[in-house]
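Asks: sequence below, structure please.
(chains A and B)
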Number of protein chains: 2
Amino acid sequence: MAGPLDLITMGRIGVDIYPLQTGVPLPRVETFGKFLGGSPTNVAVAAARLGRATAVITRTGRDPFGEYCHQALREFGVDDRWVTDVDAYPTPVTFCEIFPPDDFPLYFYRLPKAPDLVIHPHELDLPAITAARVFWMTGTGLCAEPSRTATLTALAARAAGGRDGQVATVFDLDWRPMFWPGGDPAAARPFYRAALAHATVAVGNVAECGVATGEREPRACAEALLAAGVELAVVKRGPAGVLAMRRDGTTTEVEPHDVEVVNGLGAGDAFGGALCHGLLAGWPPERLTRFANAAGALVAGRLACSAAMPYAAEVDALLAAEATE
Amino acid sequence: MAGPLDLITMGRIGVDIYPLQTGVPLPRVETFGKFLGGSPTNVAVAAARLGRATAVITRTGRDPFGEYCHQALREFGVDDRWVTDVDAYPTPVTFCEIFPPDDFPLYFYRLPKAPDLVIHPHELDLPAITAARVFWMTGTGLCAEPSRTATLTALAARAAGGRDGQVATVFDLDWRPMFWPGGDPAAARPFYRAALAHATVAVGNVAECGVATGEREPRACAEALLAAGVELAVVKRGPAGVLAMRRDGTTTEVEPHDVEVVNGLGAGDAFGGALCHGLLAGWPPERLTRFANAAGALVAGRLACSAAMPYAAEVDALLAAEATE
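Replies: As a prediction, the model looks like this:
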């Protein structure tokens, strides 16, 4: 290895089979496109587009869609050395419906189990995970074994490693009740708390922060996330913008971009990849959240997710245009 | 009910998500079309296209793809009154790769269980099943409970009904090892034999006939199927054509059509729907198999499956063209 990676993400991968017609329900969709998908995979793609050296830790089925995941990762410049295959389950596929501006139902085919939930702790390259400047994991990785223990093992290794050279350990709260037995936040919360104890940054929308903390109000959520162990809490408030709170009490609030939404899916992952980029650059909270917000807005204005992740120049251009308005 | 239906089929339903580019592996497919799918569903569509009053007994998920199945059945003129939904599982989707002329791998998303395998015996409209002029079931319907008992219950009811007004009870041998625990033909054979005891027509390729009978040679297969209880055995020999053998020993062999294969998937279902049409018409074996063969050839020359099922005039035109060659 030439040196520590900028970013390692860990968790879901799959193939998004997304409608090429928007505003119509699935029964009336005629054609679909195929895109690399899975939230932490998209975050890695987003950071790679911004010039960061990234890798993803995940697993696919042993099938043509699994091969596609490898090919797509490489084309996006994401290191796929830690993407292995599982014989027992197919590579997950996900369909969606696109009803702009705010309704994007997802239909997951991840049963009986997704290969990315079969990540075993003993397979992890803990030295590389510990050395990575940013590590990103998600709540979904905690929903089943062995992925849950593997994810907590990775977090514990980074914390035990003394954090030398580490910029951030990000917990994307990513609450997907359909992946949890009974869909019960109370069942998830102990694992969320265990992950928060080792994370340095928590990111989520208000509902996700509520699952992690039991709070409902954005500032109370941020305070509870900080109390649970992180140094920076980023609460995505949708139309109300983004709230970022640091442990020293500094609070930043950023307004949302006025974007014509084409497909809201993937915007959060663009935000996440851009957040990693800004953390790596050492930007202050305001610049960090503005940039991430703009990256998310660009993807929301595009049909695709992974393939739509913006380059830095595109984000800068949007921010510049906004500044002159 | 206005009177007995011409045809009731029972078994698989789902959505085929098929490549719009042929000759390339899934990783390189860019766009997909959406088609009603599932073999017995396609057989019902094929017979409806030929003017027959048909219905299908099956179950979908409670989701937009389930709604699509209903809409598509109605558009194809297939009665969907016995298509109910299951809350626990999504409507299955199936992907394929299209490598003409003879390689069409299928990738099923039917785990942990397809709704069409959750057909309960007590839900069956046995009077309607018994009264139907033709009833069509498949080997896949026998792979799991409660569908297995439901399928055998339907067959037994037809046999016990005295066969008044019945034209045929067709067993499509349809061997899909991935749907059976361990993929073991020996485990399937007792259920195949139980179904054969009540069927009057058996249809399958040589491999499928082998699963049902243990035989390997086409004539031996046909004889074993007749010995197991049917009156007509139809052995599909691919490039070697079709062999039909009646209990009275009459044997018909029909050459394959010289067709430029676009997508071989669905050709067997077109054959099946046309076979039902011919049985209903009371055609002798030669005309029956020629017509069914031509219907299959037409679908093999088209990309779609259900949507490609031919009208009678198209089949007649192909047969006429062949006769003048």
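Asks: nearest to chain B within the stretch 101-250 of chain A, name that residue for me.
Replies: Minimum separation of the stretch 101-250 of chain A from chain B (C-beta to the nearest C-beta) falls at A:Pro112, amounting to 4.0 Å. C-beta: built from backbone N, CA, C; applies to glycine.
Asks: where in the stretch 201-325 of chain A is pLDDT low?
Replies: Filtered on pLDDT under 70, the stretch 201-325 of chain A yields the residue ranges A:325.
Asks: which residues in it form strands?
Replies: A:201-205, A:232-236, A:242-246, A:251-254 (DSSP state E, counting those that start in this stretch).
Asks: and the ones you listed, which is most packed in?
Replies: strand A:232-236 (a mean of 27; mean count of other C-beta atoms under 10 Å in any protein chain shown).
Asks: okay, angle between that one and strand A:242-246 too, please.
Replies: If you take axes from the mean of the first three to the mean of the last three C-alpha atoms, to 10 degrees, strand A:232-236 sits at 170 degrees to strand A:242-246.
Asks: what helices or strands is strand A:232-236 leaning on?
Replies: Using 3 or more C-beta pairs under 8 Å, 6 or more residues apart in numbering or on different chains; DSSP states H and E, the elements in contact with strand A:232-236 are strand A:201-205, helix A:206-213, helix A:218-227, strand A:242-246, helix A:267-281.
Asks: circling back to that earlier point, need the strands of the stretch 201-325 of chain A in a markdown table with distance to A:Arg59, can you?
Replies: Shown next, in a markdown table, are the strands of the stretch 201-325 of chain A (distance: least, C-beta to C-beta, whole Å):
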| stretch | distance to A:Arg59 |
| --- | --- |
| strand A:201-205 | 24 |
| strand A:232-236 | 28 |
| strand A:242-246 | 32 |
| strand A:251-254 | 36 |
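Asks: what about the closest residue to A:Thr31 other than its chain neighbours, how many neighbours?
Replies: Of all residues not flanking A:Thr31 in the chain, A:Leu20 sits nearest, at 4.6 Å (C-beta to C-beta, 6 or more residues apart in numbering or on different chains). Other residues within reach of A:Leu20, judged by other C-beta atoms under 10 Å in any protein chain shown, total 13.
Asks: likewise for the one 4 residues further on?
Replies: A count of nearby residues for A:Val24, using other C-beta under 10 Å, gives 13.
Asks: let me know the pLDDT of it.
Replies: Looking at A:Val24, its pLDDT is 96.
Asks: need the contact list for it.
Replies: A:Val24 is in contact with A:Glu97, counting by C-beta atoms under 8 Å, 6 or more residues apart in numbering or on different chains.
Asks: how far away is it from A:Leu73?
Replies: 31 Å (C-beta to C-beta, to the nearest Å).
Asks: test my guess that A:Thr151 contacts A:Leu142.
Replies: Yes. Shown here, A:Thr151 and A:Leu142 form a contact pair, counting by C-beta atoms under 8 Å, at 5.9 Å.
Asks: give me the common contacts of these two.
Replies: In contact with both A:Thr151 and A:Leu142: A:Ala195, using C-beta under 8 Å, 6+ apart.
Asks: quick one on the thing from earlier: among the strands of the stretch 201-325 of chain A, which is nearest B:Val299?
Replies: strand A:201-205 (48.0 Å; C-beta to C-beta).
Asks: got the angle between that closest one and strand A:242-246?
Replies: Going by the same axes, to 10 degrees, strand A:201-205 makes 160 degrees with strand A:242-246.
Asks: so what strands line up beside strand A:201-205?
Replies: strand A:168-172 (parallel), strand A:232-236 (parallel) (DSSP bridges).
Asks: would you mind listing the outside residues contacting the first one?
Replies: When contacts are defined by C-beta under 8 Å, 6+ apart, strand A:168-172 is touched by residues A:39-40, A:43, A:133-139, A:155, A:158-159, A:195-196, A:198-204, A:230, A:232, A:272, A:275-276, A:279.
Asks: centre of the chain to that strand, how far?
Replies: 9 Å (C-alpha atoms, centre = their mean, to the nearest Å).
Asks: mind checking what helix or strand follows it in sequence?
Replies: helix A:185-196 (DSSP states H and E).
Asks: tabulate the CA atom coordinates of that next one in CSV.
Replies: The C-alpha coordinates for helix A:185-196 follow below in CSV (Å, rounded to 0.1, in the frame of the first residue of the first chain):
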residue,chain,number,x,y,z
PRO,A,185,-35.7,1.6,17.0
ALA,A,186,-35.5,0.5,20.6
ALA,A,187,-33.8,-2.8,19.5
ALA,A,188,-31.4,-0.8,17.3
ARG,A,189,-30.5,1.8,19.9
PRO,A,190,-27.9,-0.2,22.0
PHE,A,191,-25.9,-0.9,18.8
TYR,A,192,-26.2,2.7,17.7
ARG,A,193,-24.9,3.8,21.1
ALA,A,194,-22.0,1.4,20.9
ALA,A,195,-21.0,2.8,17.5
LEU,A,196,-21.4,6.4,18.6
